[in-house]
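[1] sequence first, then the predicted structure:
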Protein chains: 4
Amino acid sequence: MTIQEIFDRPEAFDFNVPTLGECTVDNPVRDTVFVPDGARTLIRHNAEYVESRIRAGLPVPSFEKAGPHRKIFHAPAWCRAAIVTCGGLCPGLNDVVKGLVQTLWFDYGVRHIFGVRYGLEGLVPSYGHEPIVLTPEDVDDIHQDGGTILGSSRGGQDTATIVNTLSHLNINLLFCIGGDGTLRAARDIAEEVLKRKLSISVVGVPKTIDNDLAFIGRSFGFETAVYETGHVITCAHVEAKGAPRGVGLVKLMGRDSGFIAAYAAIANSVVNLCLVPEVTFTLDGEHGVLTALERRFGIGKSHAVIVVAEGAGQDLLQGETRRDASGNVLKKDIGTFLKTKIEEHFAAKGAPVSVKYFDPSYMIRSVPARGSDAIHCCLLAKNAVHAAMAGRTNCVVGKCADVYMLVPIALATAERQKLDVSGPLWQAVVDVTRQGEYMGYEPLVRG
Amino acid sequence: MTIQEIFDRPEAFDFNVPTLGECTVDNPVRDTVFVPDGARTLIRHNAEYVESRIRAGLPVPSFEKAGPHRKIFHAPAWCRAAIVTCGGLCPGLNDVVKGLVQTLWFDYGVRHIFGVRYGLEGLVPSYGHEPIVLTPEDVDDIHQDGGTILGSSRGGQDTATIVNTLSHLNINLLFCIGGDGTLRAARDIAEEVLKRKLSISVVGVPKTIDNDLAFIGRSFGFETAVYETGHVITCAHVEAKGAPRGVGLVKLMGRDSGFIAAYAAIANSVVNLCLVPEVTFTLDGEHGVLTALERRFGIGKSHAVIVVAEGAGQDLLQGETRRDASGNVLKKDIGTFLKTKIEEHFAAKGAPVSVKYFDPSYMIRSVPARGSDAIHCCLLAKNAVHAAMAGRTNCVVGKCADVYMLVPIALATAERQKLDVSGPLWQAVVDVTRQGEYMGYEPLVRG
Amino acid sequence: MTIQEIFDRPEAFDFNVPTLGECTVDNPVRDTVFVPDGARTLIRHNAEYVESRIRAGLPVPSFEKAGPHRKIFHAPAWCRAAIVTCGGLCPGLNDVVKGLVQTLWFDYGVRHIFGVRYGLEGLVPSYGHEPIVLTPEDVDDIHQDGGTILGSSRGGQDTATIVNTLSHLNINLLFCIGGDGTLRAARDIAEEVLKRKLSISVVGVPKTIDNDLAFIGRSFGFETAVYETGHVITCAHVEAKGAPRGVGLVKLMGRDSGFIAAYAAIANSVVNLCLVPEVTFTLDGEHGVLTALERRFGIGKSHAVIVVAEGAGQDLLQGETRRDASGNVLKKDIGTFLKTKIEEHFAAKGAPVSVKYFDPSYMIRSVPARGSDAIHCCLLAKNAVHAAMAGRTNCVVGKCADVYMLVPIALATAERQKLDVSGPLWQAVVDVTRQGEYMGYEPLVRG
Amino acid sequence: MTIQEIFDRPEAFDFNVPTLGECTVDNPVRDTVFVPDGARTLIRHNAEYVESRIRAGLPVPSFEKAGPHRKIFHAPAWCRAAIVTCGGLCPGLNDVVKGLVQTLWFDYGVRHIFGVRYGLEGLVPSYGHEPIVLTPEDVDDIHQDGGTILGSSRGGQDTATIVNTLSHLNINLLFCIGGDGTLRAARDIAEEVLKRKLSISVVGVPKTIDNDLAFIGRSFGFETAVYETGHVITCAHVEAKGAPRGVGLVKLMGRDSGFIAAYAAIANSVVNLCLVPEVTFTLDGEHGVLTALERRFGIGKSHAVIVVAEGAGQDLLQGETRRDASGNVLKKDIGTFLKTKIEEHFAAKGAPVSVKYFDPSYMIRSVPARGSDAIHCCLLAKNAVHAAMAGRTNCVVGKCADVYMLVPIALATAERQKLDVSGPLWQAVVDVTRQGEYMGYEPLVRG
């Protein structure tokens, strides 16, 4: 199913999050406003779409609002929670862990909270990673550091083994912080739990630095990642200007979606070419990257800055497909490929260029979340706890227009969210970089 | 009119933006997707509200979507644009100016762009501030610097004089970047323009570091301001811990709305008390701030960090009301007042405290916008140009759930947006600070 | 005694550091090169001075080189060390504490290390501040935070009481990190210790963010402080440019010596006037500060940035002398005084200015030390431990031209080091700011 | 000749800087203190060395003090200066350029200042790089940016051609900012100038981010580079801790000298192994790097951080020697070599590690200089101008113990300065990392 199909026929999909059972326990959260049962928020706001469907008696897509419920499913005094962080690092992991622990402890009085070490490995006894006990004191300062105090790992593990472990340890609240693969694993766990008639809430906090999950709004860490690109792009610009015909080439994250590259190009308006997976390109020919560089040097510019998402231009690269431990297709290295091709091309023309190549991935994803991104982490965590305590399962927390809501995992992982190359964001990239002109799609204006 | 009234009876208000006349000129923007005429976006997404009103045949509040129109009102070759920045500094002003100039120049081919110096003063000849000519080259690097290259000033000027100046200079596109007062001035200008049957589009880019304008979504600069609070709060924490019974007291922006203080308290979880205009407090008594400090010191904590919005606790302060040049009520200084009261209180008890006071306002508002905040500035600017070229006037650009839209100035300035003290954001502040416990509203838990 | 007198007649002063007795214990430090007994380093490098004095058979000033000695005085297994941090915060305090603990523990095997809480108060039992035990694990991360984990306080305490406490606790190594006043207290303690024939080494690590101690080279934290001024001066510049006739006025540390202000003016070349304690100035008259501003505005500049050291212009301020708990004369507030005088002066002339005032002291001194400043802290600490273990006392560690050395406290506190206003550093300030021209001492060149 | 030989027999070397002729022109610098003719500063401060040599009637090494002279050689009104920046980027290049321009213009009134584009290429007409004219306004803001506004290039050019160009353009002041190779080129130019009896002062500002030039003190940019390592090492630490048996491996600059790596290891005390060119190491065997990692994992540590200078371990790498355009031997890539070897070793043992590799070179060298490093640049530049105006040539500016001085190029390039592995700095590295224990040279202590 694609995002478009879901919007075209919402009646064919289930927007509801499953619950483990009736909520009968009083919520101990003090001095708050509870979310009304059944409160939902629209996720598409096009007035014509909404009005015409409703007038026709057709449903419009909406998700359950997240928040504390007056009655909850799990009795706090008996709760045992587990938190696991999976996949590559992303800014904000520690904020989410801290937010989960603080909300469980202070709002609900849960006193048994375990941190699973090194991703799903930590739920498979044979790896020998002992869990750690988490209290508010343990997590008090962790938001100041990047990474995750729990450690992480890539790759799936056997669902039955994981459920055995949870069951054996009497865990009834499992929080999975991870990306596409992790959330599918969480879905499998949640389904196995239901099959075994266990009472374990499985709630995900979606993590994707690429911002490529559907329906959840901007993913945590993305804002910080965009901010962090500023430093490296400035360095690339300085290096490019420092040599005759200097080229600063920066590879950024983005396996299937070019959000970080696109945002970085707008936020740092020294970028001259922005290459993303959503837009095919060639090296040679009238509209090729090499020709674009020639056009730029041709109007007297002595340097160029190129940003390329790691998943861009994969069709240009030879070789067999490899996958990482998480099952993601390993992208072939478009960065060094471009560096070589550009150098060779201009050397052959007798006008050698100096390409400085930057691959800052680890330096972007390992910083702590900042400002409003940290707040987003905190609120995602709080709402994940509210959802789990109210017996919701097989879901993730998302945000739409400042409203937090619960999204079935099946929908969040339905299709990768991609840049809309006919929308205003990509239009802004094209405007700011003027790459349409360099690439020969528009007349080149000097100045 | 209040925001609540508008949502309760949207049929009583005009959500449409006026236009100067029929759009008959082809839009020269290349290779884009135009916004369909009449496209609107919903601004309230509560499913029950929307569905029940539509089923009942009642209107739901929506604004016109912003974006490039296939047909525009002003012929670009004849256009003369003026840009003015008003009021106090805010991160992102230069990004907005740059975005306006680039979009006018590159997208529409407008070649006469003037920067008005020092706010509305620059439109009143007697001040003698000559405007500056703006080209893409002039603004190429300005996003790297805080402040505004145009300069700014506070205070209104005579509407008729301003319209005379615009008319005299043949300006037909006026972009006003400013806050509440500036936008009201822009509305007066737009109305005077219509009365005189001139063809001048007056479009605002709303600027409020306090995030207190209605219907426009998060205001530009706010995200950066929240981020910048991190450094000063860390310093306050370090100073507080450095002395026996040390108190770090930080005054943050927020005349009428405590958004920055609230966000700062969540993003920097070392804050123990967060005081905002929306929540009344006392110094003495069971629930007073001084008693809260005593409780905190009483459980063995040797330091405290307090964040106070500048508009908080005004009822505690004596003296007559003063106003700044913009007509804003000048807040009495709650920061130094609290510092003195805390010092006196504990000195009188024989347990002197050491209060370190921070007033970082100028150091927060004068930095450049960062990351996604800079992107927001760019997109606000682009959409302001699209609106003005299509003859829209007396409006501002806003954003709701990633959709940019046009809001009549009258609605944007209807009522100050305030913190919802019964909503999840303020709940998160209370949870993170644990100030309900310190202030005696809940049992104090050690640890 | 003044620094000049000491250089003029070194034969009249004692450059040697006292020792507690003969060193008979083998140094357990592994795999190192010991400092030869009697190794000394020259502290004045003027070739003519050195050569003529030596040829005349006169002594030249030199200090004992610091470093590990083959034989030491204190048997490590019996050692009990105490560390105290005093006075205002300064970048690098935690680095020094960490360096002391690590060197004691790993190099010498000392296992009893105490952190004295809140300055000298912590050595006076009646305050009730319990010391904390320090191990390498306790201090492993503390260099990442500003301030001091031990806390600090101002003010002296009774020497006899302190020595009683040290004696009672069997402390034989006391490390005092502090400024002028603290070092004098350390000298009194060391002398009382010798009088009582105790075997306690008292070694200081001189702390003065103002860089105003003699003979010790650049004090730790100074480099970081200079770096930190960059941000606030940039903000002041942005604010100044943001308003018609805008003035950014920044008060920096510097009670008696203007080093930080002078360095800041060179490192941030947007400063137009730099006012320091070493150079008297007036407000009015041909060479006055107000006239200087008039000259600057008179050549068409619309803004000005002023940096003033807190101890500058004290003769212009009225009122009685007050002292802080450390006995330092409290400087009257030259910053707000200047702000008021400038505003009044230009308002009276009908050309009002907009003065934005910055007082960033706490935000500068509370950051962690950076880069080579952190390394300086580490090496000061290591050499302090080496000195104390070798029975040196009543001394501080200093550095001259990359060589660490031991300086008697009496000399380090002989006279405050001040800016040489006829030297190249101040000349650079005058060149970069061009303040000689603005202040009417030189013809004013436009451009 | 080696540094040691020079200190052993200073009488065999010439410490004097040549001059073009008698100084007869009045220095126009206003209001300064001139440096006395013949003033010299000692460069070795070991008291015994200095005293014994002088008593024996032997010379001690000293250099001429830098500074403004009362009488100068070049008449300012006739002067034409050229500035060239060569080799790889380094923090502070723009500060030096700015300092040169400002001092020439404001102090001496020189009005013809040329910026040579792209290194020595810009002095060879066939490259076609036109020089740019430099005024104080052109350089006013450049210190805020990394890199060099002049551009740079690697590699030497024909000396006769360069002197022809200088002569043709009537240049009489040439400032060369560059490293080892550039300074040798400058020496050749100066010698050719003298041979042709031209009156061109050739003065160098030594640039080496590796800090490996002799006699000049700490090179500009080094301090900033050390500071910048902090961020990447923190990221490496976070990544290392984020995976089971994670290794963060950081390659830093340092072709022949490990100063940056050593300073970085002390300043960022999370480093566990620091590998430099001065210390040979093996991979396998009792003292090998792989065994060291095993020892660390063996005591229960689950991560490790390694810093390696680019010139370390070259003997371990196969393959033929290659050189860059500057003639420097291109170091083989020890970073990726180590990454591969570590991964293979542990994979073969069935305990796979996760190595995250960082190569931040371009991101370190392209930032602007900070704080006191920027001041150092300014003072180097001022003294270079003073020297050139006074007819000094074939020299560079250096600094020893806060005194600026003039060093013959022959001595500055005599031998690369290296880490003293028996000195206190390296000892501090060993202490902070505890690498002696991990590498099996000392008993391993837990904790």
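    Good, I have the coordinates.
[2] the nearest residue to A:Phe358 once chain neighbours are set aside: what's it in contact with?
    Closest residue in space to A:Phe358, ignoring its immediate chain neighbours: A:Val250 at 4.5 Å, by C-beta to C-beta, 6 or more residues apart in numbering or on different chains. No exception for glycine: its C-beta is placed from N, CA and C like everyone else's. A:Val250 makes contact with A:229, A:232-233, A:236, A:305-308, A:358, A:360, according to C-beta atoms under 8 Å, 6 or more residues apart in numbering or on different chains.
[3] now distance to C:Gly350 too, for those residues, in CSV please.
    Formatted as CSV, the contacts of A:Val250 follow (distance: C-beta to C-beta, whole Å):
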residue, distance to C:Gly350
A:Thr229, 49
A:Val232, 51
A:Ile233, 48
A:Ala236, 51
A:Val305, 50
A:Ile306, 55
A:Val307, 53
A:Val308, 59
A:Phe358, 55
A:Pro360, 55
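[4] now, which of those residues sits nearest A:His287?
    Using C-beta to C-beta, A:Ile306 comes nearest to A:His287 of the contacts of A:Val250, at 15.3 Å.
[5] and the closest one, how far from B:Phe220?
    Per C-beta to C-beta, to the nearest Å, A:Ile306 is found 28 Å from B:Phe220.
[6] who's more crowded, the two?
    Legend: neighbour count by other C-beta atoms under 10 Å in any protein chain shown for A:Ile306 and B:Phe220, higher for B:Phe220 (33 against 28).
[7] wait, the more buried one sits on B:Cys378?
    No - the criterion here is C-beta atoms under 8 Å, and B:Phe220 misses it with B:Cys378 at 9.6 Å.
[8] shared neighbours of those two, which are they?
    With C-beta under 8 Å, 6+ apart as the test, B:Phe220 and B:Cys378 both reach B:Asp95.
[9] what residue is smack in the middle of chain A?
    In chain A, the C-alpha nearest the mean C-alpha coordinate belongs to A:Thr208, at 1.8 Å (C-alpha atoms, centre = their mean).
[10] and the pLDDT for it?
    pLDDT recorded at A:Thr208 is 93.
[11] mind listing what it touches?
    By C-beta under 8 Å, 6+ apart, the contact list for A:Thr208 reads A:90, A:179-180, A:219, A:222.
[12] repeat the analysis, applying 7 Å as the threshold.
    Counting by C-beta atoms under 7 Å, 6 or more residues apart in numbering or on different chains, A:Thr208 touches A:179-180, A:219.
[13] how about A:Val25?
    With contact taken as C-beta under 7 Å, 6+ apart, A:Val25 is in contact with A:71-73, A:75.
[14] doesn't A:Val307 make contact with A:Ala240?
    No - with contact defined as C-beta atoms under 7 Å, A:Ala240 does not count as touching A:Val307 (12.0 Å).
[15] which of the two has more neighbours?
    Legend: neighbour count by other C-beta under 10 Å for A:Ala240 and A:Val307, higher for A:Val307 (32 against 27).
[16] if the more buried one is in a bridge, with which residues?
    Taking DSSP bridges, one obtains A:Val250, A:Cys274 as the residues bridged to A:Val307.
[17] which SSE is the residue in the stretch 101-250 of chain A that chain B sits nearest to in?
    Residue of the stretch 101-250 of chain A nearest chain B, by C-beta to the nearest C-beta: A:Tyr227 (3.2 Å). A:Tyr227 belongs to helix A:222-241 when assigned by DSSP states H and E.
[18] okay, the residue of the stretch 301-447 of chain A found nearest chain D: pLDDT?
    Of all residues in the stretch 301-447 of chain A, the one sitting closest to chain D is A:Ser366 (4.2 Å; C-beta to the nearest C-beta). For A:Ser366, the model assigns a pLDDT of 97.
[19] ok, now the one 10 residues further on?
    On pLDDT, A:His376 comes in at 96.
[20] for the one 3 residues further on, same thing?
    Model confidence at A:Leu379, given as pLDDT, is 96.
[21] from the contacts of A:Val250, which is closest to A:Ile149?
    A:Pro360 (23.4 Å).
[22] wasn't A:Ala387 part of a helix?
    Yes - under DSSP: H, G, I helix; E, B strand; the rest coil, A:Ala387 sits within a helix.
[23] on that earlier part again, how close does the nearest residue to the residue of the stretch 101-250 of chain A closest to chain B once chain neighbours are set aside sit to C:Gln427?
    Excluding the flanking residues, the one nearest A:Tyr227 by C-beta to C-beta, 6+ apart is B:Gly371, at 3.2 Å. B:Gly371 sits 42 Å away from C:Gln427, going by C-beta to C-beta.
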